[in-house]
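[1] My questions concern the predicted model and sequence given below.
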Amino acid sequence: YSEEEKTEDYLFKIVLIGDSAVGKSNLLARFARDEFYPNSKSTIGVEFQTQKIDINGKEIKAQIWDTAGQERFRAVTSAYYRGAVGALLVYDISRRQTFDSIGRWLNELHTHSDMNVVTILVGNKSDLKDAREVPTSEGKALAEAQGLFFMETSALDSSNVVAAAFQMVVKEIYNILS
Ligand code: GDP
Ligand code: MG
């Protein structure tokens, strides 16, 4: 088959959700461009970025959607969720309030998308050790109770771990579909 057919095999829509300023845009910037923005100007206005990911020798396109900051107004629209097969639900380990919002985000996700959307709970800013308000064990426990995958990340200092979080979601979607 042609190169074109090969690359069009799989296209997965993945959404980034979670409270404002937890680091969603920086996780995507780190993953897609290996960049980090210390001053929160990272929401660049495009709706999504497409990244190629190799799973078992298959090239998969992950179309990763980032909000344009509308979560600040609790106004993420149903169009944002439409067709999503994966989600990274992000909180900030240094702000308990963002962890307390997880239930609300899960409700919203399940209202607007398929119940089976592969979801990873991401505790971001793991570099902020002295400011930690949410222990790793609590994140793990919540993920287990809700049937989510779980990982702690730092968009600031670890591109490998950030990539692993995106890859985990893509791999699980691929496993379900194949
Ligand atoms: P969003 O609103 O969820 O998209 O969050 P942003 O990506 O805009 O990040 C909000 C703020 O947190 C910015 O000042 C980032 O530089 C900072 N930030 C994001 N990720 C990390 C991280 O892993 N560690 C630290 N220390 N700061 C981060
Ligand atoms: Mg953002």
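    Received the coordinates, thanks. Numbers count the residues shown, from 1 in each chain. Ligands and ions are numbered 1, 2, ... in the order given.

[2] which parts of the top helix by length along the chain are buried?
    Counting residues, the longest helix found in the chain (DSSP state H) is helix 159-177. The neighbour-count check on helix 159-177 (16 or more other Cβ atoms under 10 Å) flags 159, 161-163, 165-174 as buried. Bear in mind the C-beta positions are built from the backbone N, C-alpha and C, glycine included.

[3] repeat for stretch 117-135
    Using 16+ other Cβ under 10 Å as the test for burial, stretch 117-135 gives 117, 118, 119, 120, 121, 122, 123, 124, 125, 126, 132, 134.

[4] For the residues you listed, work out which two are farthest apart.
    117 and 132 (28.4 Å; Cβ to Cβ).

[5] one step back: filter the buried residues of stretch 117-135 by proximity to ligand 1?
    Among the buried residues of stretch 117-135, proximity to ligand 1 is found for 124, 125 (Cβ under 6 Å from any ligand atom).

[6] Among the buried residues of stretch 117-135, which ones are in strands?
    Among these, the members falling in strands (DSSP state E) are 118, 119, 120, 121, 122, 123, 124.

[7] what's the distance between the second one and residue 110?
    When you say that, I think you mean residue 119. According to Cβ to Cβ, to the nearest Å, residue 119 and residue 110 sit 9 Å apart.
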